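> Predicted coordinates and the sequence they were generated for:
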Amino acid sequence: MKSNFHLLFYLKGKKNQQKGPDAIYMRITVNCKRAEISTGRDCEPTRWNSHAGRCIGTKEEARTLNTYLDSLQHKVKIAHQQLVDAGQNITAESLRNQFTGETKKIVNHCLANRWLTENPFINYKQTVKVKERTFLTQEELDAIHTNPKITIGRLQNVRDVFVFCCYTGLSYADVKKLKPSEIGIGMDGGKWIFTSRQKTDTSSRIPLLPVALEILNRYQDHP
């Protein structure tokens with residue numbers, strides 16, 4: 001059953017009311033039921049726009065944080081679409097679990113390619129209680145995307161496919177079979193991917209973020 005969801009980023013104040021930055025949490029609401037998850041980031045309360053759910057400012061630190069929150073929001077949208085495509089009942093908890101599951105896949109891919117040194121989920125067991133999560137950060141993803149040491153063409157292709165997977169939520173197998181005919185205009189007027197998953201054969205509709213679109217355009221004449 002398809003259910004709309006609401007996403008909110010907010011600061012979770014300290015119990016002892018100490019000064020300093022507060023942890024940023026992401027709250028998913030479906031049919032008035034909530035599920036929360038830590039973003040692994042924090043922000044000074046004086047620099048937080050509670051209405052927008054973003055950090056105030058134009059400096060690099062604020063832009064990096066806001067870009068990271070944007071990427072989390074995009075991944076939640078993808079997780080929601082995956083549940084819709086699979087015909088599963090959508091609740092705040094199931095959406096959170098789907099989101100964390102996709103995040104783990106990305107981390108495992110990073111470990112396999114030695115882009116991360118350890119698995120942040122190694123001791124994690126799924127429970128109904130809210131747990132602190134560690135994500136592949138925007139800085140880490142940017143470092144992979146713009147790494148000047150990757151000069152061999154084959155490795156550049158591997159890098160680009162990985163980054164494209166991160167920004168679309170597609171697996172390598174899904175990207176490998178992607179066709180130009182599966183790129184179209186979505187509900188927002190931008191380019192979307194309309195494809196079916198290799199593993200489950202369920203349909204997916206995924207908005208193309210700027211980085212993913214740039215990579216796609218760069219390979220449009222690639223054999």
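Looks like it arrived, so ask away. Numbering: from 1, shown residues only.
> Residue 21 is in contact with residue 44, correct?
Yes: counting by Cβ atoms under 8 Å, residue 44 does reach residue 21; the two are 5.1 Å apart. (C-beta placed from N, C-alpha, C; glycine too.)
> For the residue nearest the centre of the chain, I want the exact helix or strand it lies within.
In the chain, the residue lying closest to the centroid (Cα atoms, centre = their mean) is residue 75, at 3.3 Å. For residue 75, the host element (DSSP states H and E) is helix 60-85.
> Could you give the average pLDDT over that helix?
The average pLDDT for helix 60-85 rounds to 88.
> show me the contacts for the residue nearest to residue 191 when sequence neighbours are not counted.
Excluding its sequence neighbours, the residue lying closest to residue 191 (Cβ to Cβ, 6 or more residues apart in numbering) is residue 208, at 4.7 Å. If a contact means Cβ atoms under 8 Å, 6 or more residues apart in numbering, then residue 208 has 167, 168, 183, 190, 191, 192, 193, 216 as its contacts.
> let's see it at 10 Å
Residues counted as contacts of residue 208 (Cβ atoms under 10 Å, 6 or more residues apart in numbering) are 164, 167-168, 183, 186, 190-193, 214-217.
> shared neighbours of residue 44 and residue 21, anything?
residue 11.
> any idea how far the residue nearest to the centre of the chain is from residue 193?
Between residue 75 and residue 193 the computed distance is 15 Å (Cβ to Cβ, to the nearest Å).
> next one: residue 222
Distance from residue 222 to residue 193, by Cβ to Cβ: 17 Å.
> So between these two, which is more surrounded?
Set side by side, residue 222 and residue 193 show more neighbours around residue 193, with 21 against 7, by other Cβ atoms under 10 Å.
> my read: that one touches residue 185, true?
No: assessed by Cβ atoms under 10 Å, residue 193 is found out of contact with residue 185, at 11.3 Å.
> quick revisit: export the contacts of residue 208 as TSV, with columns for pLDDT.
As requested, the contacts of residue 208 are exported to TSV (pLDDT from 0 to 100):
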residue	pLDDT
164	90
167	87
168	87
183	88
186	82
190	86
191	89
192	91
193	89
214	91
215	90
216	88
217	87
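> and the residues you listed as a markdown table, adding distance to residue 93 and secondary structure?
Shown next, in a markdown table, are the contacts of residue 208 (distance: Cβ to Cβ, whole Å; DSSP: H, G, I helix; E, B strand; the rest coil):
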| residue | distance to residue 93 | secondary structure |
| --- | --- | --- |
| 164 | 29 | helix |
| 167 | 26 | helix |
| 168 | 24 | helix |
| 183 | 33 | strand |
| 186 | 28 | coil |
| 190 | 30 | coil |
| 191 | 32 | strand |
| 192 | 27 | strand |
| 193 | 27 | strand |
| 214 | 35 | helix |
| 215 | 33 | helix |
| 216 | 34 | helix |
| 217 | 38 | helix |
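> Just among these, which is most surrounded?
residue 168 (26 neighbours).
> Secondary structure element holding residue 26?
Per DSSP H and E: strand 22-30 holds residue 26.
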